[in-house]
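>>> Need a 3D model of the following:
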Amino acid sequence: MSANSNPYETERLLSEYLLFHYGTAEEILPGSAPAGMRDALDFAVRTTRHFSPGTVERTLDLGCAVGRSTYEMSRSSQETLGIDFSQNFVRAAAAMAGAPLPYARLDEAHKRTPLLARLPEGLPPNQVRFETGDAMNLRADLKNFDRVHAANLLCRLTEPDRLLERLPSLVRPGGELVIATPCTWLGEYTPPQNWPQGSTLDWLKEKLGGHFELISVNDEPFLIRETARKFQWTASMVTAWKRLLS
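From the prediction side, this is the model:
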C-alpha cells in the first residue's frame with residue numbers, strides 16, 4: 001500500500017480514530033446504548049494491560065494510530081516510541097502532547113459536532129516519540145525493546161509475514177510482545193495467498209514459537225463510532241508472548 005492510497009490519511013478516519021482513542025463514553029455512545037457497547041470502550045488502553053506489571057526502559061507501539069496506547073505504555077516506560085504508516089495519525093498523536101486537539105465528530109450527512117481530544121491526566125508526554133514508518137519495512141536500528149505492542153495491525157498488512165519475521169529482533173530476550181488482531185482478513189488489505197492457511201492463532205504459534213513463549217490468549221471487544229446510528233463492534237484476539245532467552 002502506498003502512502004497516497006492509504007485510507008487512513010483521510011480526515012474522516014482521523015476524526016473516527018481520535019474519537020475511538022480519546023472520546024468519553026458520553027461523546028461516543030447513544031443514550032440507549034446496551035452494556036456491551038460500554039464494555040467495548042477504551043480498547044487502546046485495555047490492550048496495554050496485557051503486559052506484566054512493572055517499569056521497563058524501552059517500549060515500542062507498532063500501528064499506533066493516533067497514539068493512545070503509546071501514551072498509556074509510557075506510564076511504565078522510560079522511553080516509548082509509536083510508529084504508524086499514516087502521516088495524518090502520527091501528526092495528530094504527536095500534537096496531543098502539546099495541547100488538546102480539535103476535531104469534528106460526524107453525526108449524519110453534513111452534521112458534525114466539534115470536540116477536543118485530550119490526554120488523560122498523569123501521562124508523561126515528554127517520554128513519548130512518534131514517527132511514520134512501515135511495519136513491514138522498519139528501519140534497521142530498531143531492536144531490543146522491553147515491550148512491543150501491535151494492536152489491530154497484522155491483518156491490515158499486505159505481507160504480515162515480514163513483520164512476524166522481524167519481531168524476534170525487536171523484542172529483547174526476556175521481553176514481552178502483545179499482538180491484538182480481529183482476524184478480519186480482507187483482500188483489499190492482504191492478498192489471500194498471504195492469509196493464514198488455518199486459524200490465525202495456530203499461524204502465530206507456528207511463526208513465533210521458535211522465539212517466543214505464548215503466555216495468554218484473550219478476547220477484547222472494541223467499538224468504533226461511524227455516525228450517531230452506526231457503530232462497528234468487533235472482538236480482537238489478544239495474544240501475549242515472552243521472548244525466549246536463547
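>>> Strand partners (parallel or antiparallel) of the longest strand seen in the chain?
If you go by DSSP state E, the chain has its longest strand at strand 212-227. Using DSSP bridges, strand 212-227 pairs in its sheet with strand 230-243 (antiparallel).
>>> starting at the chain centroid, how far to the partner strand?
The chain centre lies 9 Å from the centre of strand 230-243; the measure is Cα atoms, centre = their mean, to the nearest Å.
>>> just the CA coordinates of that strand, formatted as PDB?
Presented in PDB, the C-alpha positions along strand 230-243 are these (Å, rounded to 0.1, in the frame of the first residue of the first chain):
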ATOM      1  CA  LYS A 230     -23.800   3.300  13.000                       C
ATOM      2  CA  PHE A 231     -21.100   1.600  15.100                       C
ATOM      3  CA  GLN A 232     -18.500  -1.100  14.400                       C
ATOM      4  CA  TRP A 233     -18.500  -3.700  17.300                       C
ATOM      5  CA  THR A 234     -15.600  -6.100  16.900                       C
ATOM      6  CA  ALA A 235     -13.700  -8.600  19.100                       C
ATOM      7  CA  SER A 236      -9.900  -8.700  18.800                       C
ATOM      8  CA  MET A 237      -7.900 -11.700  19.800                       C
ATOM      9  CA  VAL A 238      -5.100 -10.500  22.100                       C
ATOM     10  CA  THR A 239      -2.100 -12.800  22.500                       C
ATOM     11  CA  ALA A 240       0.700 -12.100  25.000                       C
ATOM     12  CA  TRP A 241       4.200 -13.600  24.400                       C
ATOM     13  CA  LYS A 242       7.500 -13.700  26.200                       C
ATOM     14  CA  ARG A 243      10.800 -13.600  24.200                       C
END
